[in-house]
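Trainee: Got a sequence here, can you model it:
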Amino acid sequence: MKLLRRLIRRLYKYLEVLMKPIYKVYEKWLWIQISEGPMPRHVAIIPDGNRRWAREVGKPITYGYDVGYDKMKNLLTWILELGIKVITIYAMSYENCIYRSEEERMYLFKLLDRALNDLIYSSDVHEKKVRVRVFGRLDMIPEELIAKIRKVEELTKNYSDRYINVAICYGGRQEIVDAIKKLVDDLVSRKLSIDNINENMFRKYLYTSYINEPLDEPDLVIRTSGELRLSNFLLWQIAYSELYFCDVFWPDFRKIDLWRAIRSYQRRERRFGR
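Mentor: Numbers count the residues shown, from 1 in each chain. Predicted structure coming up:
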């Protein structure tokens with residue numbers, strides 16, 4: 001089985017070299033298709049498949065996470081190039097922070113630390129006025145990471161040209177429960193009347209409330225790895241989002257995969273339930 005996997009990987013690399021000129025032509029053709037169409041203002045991404053990809057290439061799971069992190073940096077560059085205003089990244093789910101092994105969680109937190117350092121010292125973040133926010137059950141992550149999160153948020157708090165949201169130990173159900181708790185507190189303290197409660201008011205209690213409306217709701221949600229589910233991600237915000245499921249594992253995600261998702265988005269008629 002290991003020998004077969006090695007042969008398949010070698011064949012894939014050989015085909016990749018042969019297909020490179022064709023790939024470039026296809027990329028240009030795809031760009032012509034999407035460049036004049038409406039771009040989504042807010043893209044949310046579920047970068048799934050790091051562990052399965054690592055197993056397929058015969059590497060440790062941590063290698064999959066490393067390659068996946070490098071891919072995320074590529075994605076942020078592609079997103080900025082397209083002029084998309086908001087990206088929300090599902091970095092770790094609430095369930096990841098409970099059920100993954102201690103070793104795996106600590107490795108993911110190590111990558112988060114690396115990501116925060118990259119954002120703090122990124123010239124693109126400051127040149128393009130990108131506001132960075134991290135949300136979720138942050139009480140589940142190490143204190144030193146929380147301090148670093150607060151630092152990058154403070155450094156970028158006055159920016160509003162672009163937004164990068166990172167969801168850590170996040171769950172959509174947990175977010176809604178937290179919002180209800182805050183709402184009830186305001187009702188009890190009489191800061192809020194029950195007659196004032198509606199959808200627009202409720203969204204102000206969500207983690208994404210700091211983004212100017214209607215940018216707090218994704219136009220397009222992309223999930224990789226071929227799984228057809230949302231995994232408790234932004235359950236309130238994606239009520240009318242367009243969903244795109246990509247078959248490739250996250251480490252294999254390419255610029256053309258992003259552009260295909262955008263092409264699919266541009267070809268859809270958005271009715272918002274009407």
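Trainee: Enumerate every residue touching Ser241.
Mentor: 44, 217-221, 234 (Cβ atoms under 8 Å, 6 or more residues apart in numbering). Quick note: C-beta positions are derived from backbone N, CA and C, even for glycine.
Trainee: buried stuff in stretch 141-160?
Mentor: For stretch 141-160, the neighbour count (16 or more other Cβ atoms under 10 Å) marks 141, 145, 148-149, 152-153, 155-156 as buried.
Trainee: no, scratch that, I was asking about stretch 23-40
Mentor: Buried residues in stretch 23-40, counted by 16+ other Cβ under 10 Å: 30, 34, 39-40.
Trainee: Check stretch 98-116 too.
Mentor: For stretch 98-116, by 16+ other Cβ under 10 Å, it's 100, 105, 107-109, 111-113, 115-116.
Trainee: would you list the buried residues of stretch 141-160 in JSON lines and tack on secondary structure, pLDDT and distance to Ala91?
Mentor: JSON lines is the format used below for these (DSSP: H, G, I helix; E, B strand; the rest coil; pLDDT from 0 to 100; distance: Cβ to Cβ, whole Å):
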{"residue": "Ile141", "secondary structure": "coil", "pLDDT": "96", "distance to Ala91": "11"}
{"residue": "Leu145", "secondary structure": "helix", "pLDDT": "96", "distance to Ala91": "12"}
{"residue": "Lys148", "secondary structure": "helix", "pLDDT": "97", "distance to Ala91": "14"}
{"residue": "Ile149", "secondary structure": "helix", "pLDDT": "97", "distance to Ala91": "12"}
{"residue": "Val152", "secondary structure": "helix", "pLDDT": "97", "distance to Ala91": "14"}
{"residue": "Glu153", "secondary structure": "helix", "pLDDT": "97", "distance to Ala91": "15"}
{"residue": "Leu155", "secondary structure": "helix", "pLDDT": "97", "distance to Ala91": "19"}
{"residue": "Thr156", "secondary structure": "helix", "pLDDT": "97", "distance to Ala91": "17"}
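Trainee: helix/strand/coil for the residue with the largest distance to the centre of the chain?
Mentor: Going by Cα atoms, centre = their mean, the residue of the chain most distant from its centre is Arg190, 36.6 Å out. The three-state assignment at Arg190 reads coil, by DSSP: H, G, I helix; E, B strand; the rest coil.
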